[in-house]
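Participant: Structure for the following, please:
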Amino acid sequence: MEIESVTCECCGLKEDCTQDYISEVKANFDGKWLCGLCSEAVRDEVTRREMTSSAAESVSPVEEAVRAHMSFCGKFKTNPAVLVADGMRQMLRRRSGELSASRSPATAKKFGRSNTTKLY
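Facilitator: The predicted structure follows:
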């Protein structure tokens, strides 16, 4: 299995994937390779457009959704995937802070911590 580095045509995120996976993604998105986040956004856009549009269009729903998502990604100075990753990191940091703050004195003793020790 040969691994190849590929760049999302919407947001520019780079991933290492097999050639089979790259071909499969391109087949689903009119020859364009999209990362997982962008492909989900495009699928949602296709579904939304199919629900609201009954007229036959000259452009495929997938192609139209890819164009719309590429336009959306182009409005940001930074990569939207990076913004999502940053948000996830912040959420996990907050969550880990809640867990350390909620430890009971018994848990602190079990791990050799005194009640006066502050966790940062």
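Participant: Could you use CA atoms for every contact and neighbour count after this?
Facilitator: Will do.
Participant: The residue nearest the centre of the chain: helix or strand, and which one exactly?
Facilitator: The chain has residue 37 as the residue nearest its centroid, 3.6 Å off, counting by C-alpha atoms, centre = their mean. Taking DSSP states H and E as the criterion, the element that holds residue 37 is helix 36-52.
Participant: What average pLDDT does that helix get?
Facilitator: This predicted structure assigns helix 36-52 an average pLDDT of 87.
Participant: and that helix, what does it pack onto?
Facilitator: Applying 3 or more C-alpha pairs under 8 Å, 6 or more residues apart in numbering; DSSP states H and E, we find helix 36-52 packed against helix 61-74.
Participant: so where is this structure shaky, pLDDT-wise?
Facilitator: With pLDDT under 70 as the threshold, the chain has low-confidence stretches at 53-58, 76-81, 98-120.
Participant: From the recorded domain assignment, give the ranges for it.
Facilitator: Per automatic domain parsing, the domain ranges recorded for the chain read 1-75, 77-120.
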